[in-house]
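Colleague: this one's sequence-less:
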């Protein structure tokens, strides 16, 4: 029997990294469903502008997800102004493209802190706030890369593997609590994050709006795995039963190895901004070096 979709009207939702790309599309989709949305983004002006587009009581606040006390304070401020959190979307993330042997320690640390540690912290905070009320929904945005590796994205792949594993463990911890968990795994999207990266053969590039629509569907009729496009799920499941040599041959046939040959010039602006996306981490590193 089909479940009746839940209403999102009046729900209080937080979206990290919500000023651009997938996060912004999710914020708009939530607002259209009647949710009250708080956008957190490193770029305060962009967060405020994005929230203004949503209208109503929506908020746009500065958020460095790598500043864990600041992240907690951000969630406290949202609850004080909008009410208890019903939905937390851990979306903020970066994707530098380069061979692992050439990647700097700073780049690796930045991805681990933004893509994984911040998701762990955001999930912890959501659990602590939602479990006592026995209601809520945590959405962690991962990637196809969390199930299917590609050269040139080794650290990114590691973080997204981690997000999926985290979400699976937390789902088990929250079983029977009334709090739902969803992990969103899109292929390459039409966003700046994946700009200049070659397409995979047989897998079309999806729009942020498609990812947002699939996320809303999972909030209204809860489910854990959200693949965008949906056919990625069966494709990955089929690949998992193949011998490794076959699986790797299929991956190469899909052009996954081309990621390692992305034109750096096409991604220069994005890569520069990504390199400045974790000020709390950079400050700690500078302090440690000075000491």
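Modeller: Perfect, thanks for sending it. Because the structure is a prediction, the values reported are computed rather than measured.

Colleague: Centre of the chain to stretch 60-69, how far?
Modeller: Taking the mean of its C-alpha atoms, stretch 60-69 sits 15 Å from the chain's own mean (CA atoms, centre = their mean, to the nearest Å).

Colleague: What mean pLDDT does it get?
Modeller: For stretch 60-69, mean pLDDT is 97.

Colleague: State the number of residues packed around residue 45.
Modeller: 11 (other CB atoms under 10 Å). In this view, the C-beta of every residue, glycine as well, is placed from N, C-alpha and C.

Colleague: burial of the closest residue to residue 11 other than its chain neighbours, as a residue count?
Modeller: Excluding the flanking residues, the one nearest residue 11 by CB to CB, 6 or more residues apart in numbering is residue 86, at 4.0 Å. Residue 86 has 22 neighbours, counted by other CB under 10 Å.

Colleague: now for the top helix by length along the chain, which elements pack on it?
Modeller: In the chain, with assignment by DSSP state H, the single longest helix is helix 154-173. Packing partners of helix 154-173 (3 or more CB pairs under 8 Å, 6 or more residues apart in numbering; DSSP states H and E): helix 105-111, helix 118-130, strand 136-141, strand 179-186.

Colleague: Which of those sits closest to residue 36?
Modeller: Each of the helices and strands packed on helix 154-173 has some distance to residue 36 by CB to CB; the shortest is strand 136-141, at 14.5 Å.

Colleague: The closest one to strand 179-186, inter-axis angle?
Modeller: 20 degrees (axes from the mean of the first three to the mean of the last three CA atoms, to 10 degrees).

Colleague: Packing partners of strand 136-141?
Modeller: Checking 3+ CB pairs under 8 Å, 6+ apart, strand 136-141 ends up next to strand 87-90, helix 118-130, helix 154-173, strand 179-186, helix 208-220.

Colleague: just these: most buried one?
Modeller: strand 87-90 (a mean of 28; mean count of other CB atoms under 10 Å).

Colleague: Pull up the pairing partners for that one, direction included.
Modeller: Here strand 87-90 is paired, per DSSP bridges, with strand 12-16 (parallel), strand 136-141 (parallel).

Colleague: Which residues does the longest one contact?
Modeller: Yep, that's strand 136-141 we're talking about. 22-23, 85-91, 93, 119, 123, 126-127, 129-130, 163, 166-167, 170, 178-184, 186, 215, 218-219, 222 (CB atoms under 8 Å, 6 or more residues apart in numbering).

Colleague: Check the shortest one too.
Modeller: Taking CB under 8 Å, 6+ apart as the criterion, the residues outside strand 12-16 that touch it are 23, 26-27, 30, 35-41, 63, 65, 75, 78-79, 82-92, 118, 122.

Colleague: Just these: which are in strands?
Modeller: Using DSSP state E, the members of these that fall within strands are 36-41, 87-90.
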